[in-house]
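Q: no FASTA, just this:
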């Protein structure tokens, strides 16, 4: 039902194939974020058209609304949303620590109030597994504690040790053979804590592993120092997922360190704010210089938006507050991410990923400089 | 380049074919409203998929933002938006009288302030024609004065006489042979004023006519009394357009009186507010009874939304404030309207429109009663 195979390597970068009950995922892969069971502003037909192979949904949001029991009653995320491909759900931990109100952590779990209406909830490793069982994603995540970048070494150490204990309880509470449960490595920016976490979590025999607790406010240097140290400690024959990362540049850097899976709200959220990712760099569609620009967002892109809409039209729709602007720009940004990952994979298969990465980083950096002049 | 042909009659109802430079429109037809150059919350591919044959765009909104000069520079509405089919633009008059601030009317035209930022504008018949020339729609409307339902008979009479004078000036200012200019009949609910307006406006030789100044607050009885009186006074061989009407019931009643073209924001606006139009009546997706309802919005509908989404899922997305809810419900509501018009046309061609109309009104009335119990 599940398998993961590394088909080719180019340096530390890997091109793989991850098989799930709802379809195959070519890795490295980017997972569009469908927080509440839909990727914001697009339909699933549009997601299929741009070639999305897996969608991430948020346990925290769905347990609050509409509730995981209802989703289970409607046939899980697949039955409820109609998305035919694989889903991944996070454990809820990250959102509890970043969104929820009045949270109190104890050894057993976390109590918190909904950010929607203040009503009380509790998540434990067992409850997170129950919710994720109800949601029915193909890949589910162990419940972890994700300390902020401002935490002291002692706090990070305690959270990391607890994450191991919670990983064990998650594994014990996990029941469905049609779900793969991934473990999460924590440890902040402390390499020794990361080492210990990686050793303990991988020892539990998960079929895949995530690096959590990054992109939470630390410097980029710290992010890559940790990823570069931890990734090689994760089993070669199992998928590696860098949670909540990142920009196109970050994804190139993550792939270079052997990461297989990524997710981030950036392409979808920024689309709604009028920022487009292109092969020539980012552009802010509000900028006056696009007022009468007949070019598509990215002349090198073949997505629906680039085939049919000019920058001038998108700028108008965005400034007029038309939802269609969010739809068209979300489609393009996701298409750009997915297309970038396809090109990444091709170049790994061809054994020239590092060359590709450098070329693309150069192009993006040049345009970043140009974009600075925008504001 | 243009032609209009009545292919069949069933009572006063007509099935026709309206040819324009950008394609044919089977009448009776409903025109989705694309206020700012996009039908809210959907893409043009989605509009094409549901079989929309013409889109209405608003002169007032577009002259304010992004400005008609820019639209002209980008190739008119067709070049700017990419919609390949026919467009109709209104004259701007109705929005000036319903949306704009601090308007002052004189014989020459109307001065007003933008509802967006208060900046001053002026519309005259000549300027309305210039704006509509710049926008480049296939069908354009004469500039008219649309008095509110609260206007006195004297006010309505003055506005009606002015509308004739403005119709003459609109015709004289109209230049493009690739645009059909329609005249508008005013006269409020005063049948003698309507008669005079119809006689004067049709005498100007327009290729099509609209009944304006209805659905502005008068009773339904008044609406249909006027339409029933005016429609037969409009030339048989030219298209008749009832502006800003209406509900599915209204459209059946309008077709029964010989109307060929309709437009209304209802299906798109109500979709965003969570109201769905179905063959079993309207339903408010917020209603708790749809919480776990696995049925599509309309089990008799074959649109994308009905093929892929349950009421439970739509309710969740709507309550969660997801834009995707607006997209999916807009698609369904427009598909329902367009499908209704296709069935209307079929039944006219089969010579049994009145039977069809009564059956559909009965079904809609029964479900209205049920819907009352909803709240």
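A: Perfect, thanks for sending it. Predicted, not measured: the structure shown is a model, and the values here were computed from it.
Q: Do you have the strands of the stretch 151-300 of chain A handy? List them.
A: Secondary structure of the stretch 151-300 of chain A (DSSP state E, counting those that start in this stretch): strands at A:180-185, A:209-211, A:240-242, A:261-263, A:275-278, A:281-284.
Q: With distance to chain B and mean pLDDT as new columns, can these be given to me in CSV?
A: To be clear about C-beta, it is placed using only N, CA and C from the backbone, and glycine gets the same treatment. Listed next are these as CSV, based on distance: least, C-beta to the nearest C-beta, whole Å; pLDDT from 0 to 100:
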stretch, distance to chain B, mean pLDDT
strand A:180-185, 25, 98
strand A:209-211, 26, 98
strand A:240-242, 25, 98
strand A:261-263, 18, 98
strand A:275-278, 16, 98
strand A:281-284, 17, 94
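Q: Out of those, the one nearest residue B:127 is which?
A: Nearest to residue B:127, of all the strands of the stretch 151-300 of chain A, is strand A:281-284, at 33.5 Å by C-beta to C-beta.
Q: Next secondary structure after that closest one?
A: helix A:304-308 (DSSP states H and E).
Q: packing partners for the helix or strand just after that following helix?
A: Counting by DSSP H and E, the next helix or strand C-terminal to helix A:304-308 is helix A:311-319. On a contact count with 3 or more C-beta pairs under 8 Å, 6 or more residues apart in numbering or on different chains; DSSP states H and E, helix A:311-319 meets helix A:323-349, helix B:76-81.
Q: let's see 7 Å
A: helix A:323-349 (3 or more C-beta pairs under 7 Å, 6 or more residues apart in numbering or on different chains; DSSP states H and E).
Q: In the helix it packs on, which residues are buried?
A: A:323-341, A:344-345, A:347-348 (16 or more other C-beta atoms under 10 Å in any protein chain shown).
Q: packing partners for the helix or strand that comes right after it?
A: Using DSSP H and E, the helix or strand that follows helix A:323-349 in sequence is helix A:353-372. Packed against helix A:353-372, as judged by 3+ C-beta pairs under 7 Å, 6+ apart, are the following elements: helix A:248-256, strand A:281-284, helix A:323-349.
Q: Could you tell me which residues of chain A lie near chain B?
A: Residues of chain A lying close to chain B by C-beta under 7 Å from any C-beta of the partner chain are A:36-38, A:40-45, A:65-66, A:70, A:73-74, A:80-82, A:291-292, A:294, A:304, A:308-310, A:312-313, A:316-317, A:319-320, A:322-324, A:326-328.
Q: swap the cut-off to 6 Å and go again
A: Contact residues, chain A versus chain B (C-beta under 6 Å from any C-beta of the partner chain): A:36, A:38, A:40-41, A:65-66, A:73-74, A:80, A:82, A:292, A:308, A:312-313, A:316-317, A:320, A:322-324, A:326.
Q: Any of those residues buried? List them.
A: Buried residues within the residues of chain A next to chain B, counting neighbours by 16+ other C-beta under 10 Å: A:36, A:38, A:40-41, A:66, A:73-74, A:80, A:82, A:308, A:312-313, A:316-317, A:320, A:322-324, A:326.
Q: The residue nearest the centre of chain A and residue A:56: what is the separation?
A: Nearest residue to the geometric centre of chain A (C-alpha atoms, centre = their mean): residue A:263, 1.3 Å. Taking C-beta to C-beta, to the nearest Å as the measure, residue A:263 falls 5 Å from residue A:56.
Q: overlap in contacts of these two?
A: A:31, A:33 (C-beta atoms under 6 Å, 6 or more residues apart in numbering or on different chains).
Q: on that earlier part again, which one of the helices and strands packed on helix A:353-372 has the poorest average confidence?
A: Lowest mean pLDDT within the helices and strands packed on helix A:353-372: strand A:281-284, at a mean of 94.
Q: What is that strand packed up against?
A: The contact analysis (3 or more C-beta pairs under 6 Å, 6 or more residues apart in numbering or on different chains; DSSP states H and E) places strand A:281-284 against strand A:275-278, helix A:353-372.
Q: Direction included, what does that strand pair against?
A: Counting by DSSP bridges, the strands paired with strand A:281-284 are strand A:275-278 (antiparallel).
Q: who touches the partner strand?
A: Contacts of strand A:275-278 (C-beta under 6 Å, 6+ apart): A:282, A:283, A:284, A:297, A:298, A:329, A:333, A:336.
Q: Of the strands of the stretch 151-300 of chain A, which is nearest residue B:357?
A: Proximity to residue B:357 (C-beta to C-beta) singles out strand A:275-278 among those, at 48.5 Å.
Q: any idea how far that closest one is from the chain center?
A: 18 Å (C-alpha atoms, centre = their mean, to the nearest Å).
Q: Compute the number of surrounding residues for whichever residue of the stretch 101-250 of chain A sits closest to chain B.
A: Taking C-beta to the nearest C-beta, chain B has its nearest neighbour within the stretch 101-250 of chain A at residue A:116, 9.3 Å off. By other C-beta atoms under 10 Å in any protein chain shown, the residues close to residue A:116 number 13.
Q: same check, this time on the one 5 residues further on
A: The number of residues packed around residue A:121, counting by other C-beta under 10 Å, is 17.
Q: With residue A:297 instead?
A: Residues near residue A:297, counting by other C-beta under 10 Å: 27.
Q: Residue A:332 is in contact with that one, correct?
A: Yes. Shown here, residue A:297 and residue A:332 form a contact pair, counting by C-beta atoms under 6 Å, at 5.1 Å.
Q: if I pick the one residue in the stretch 51-200 of chain A that gets nearest to chain B, what's in contact with it?
A: In the stretch 51-200 of chain A, no residue comes nearer to chain B than residue A:66, which is 4.4 Å away by C-beta to the nearest C-beta. Contacts for residue A:66 (C-beta under 6 Å, 6+ apart) come out as residue B:316.
Q: Where does pLDDT dip in chain A?
A: Along chain A, the model assigns pLDDT under 70 to residues A:367-375.
Q: most distant residue from the middle of it?
A: residue A:292 (35.0 Å).
Q: distance of it from residue A:35?
A: For residue A:292, the distance to residue A:35 - C-beta to C-beta - is 36 Å.
Q: Over to residue A:2?
A: Counting by C-beta to C-beta - residue A:2 and residue A:35 are separated by 25 Å.
Q: Neighbour count for the two, which is higher?
A: Higher neighbour count among residue A:2 and residue A:35: residue A:35, with 18 against 15, using other C-beta under 10 Å.
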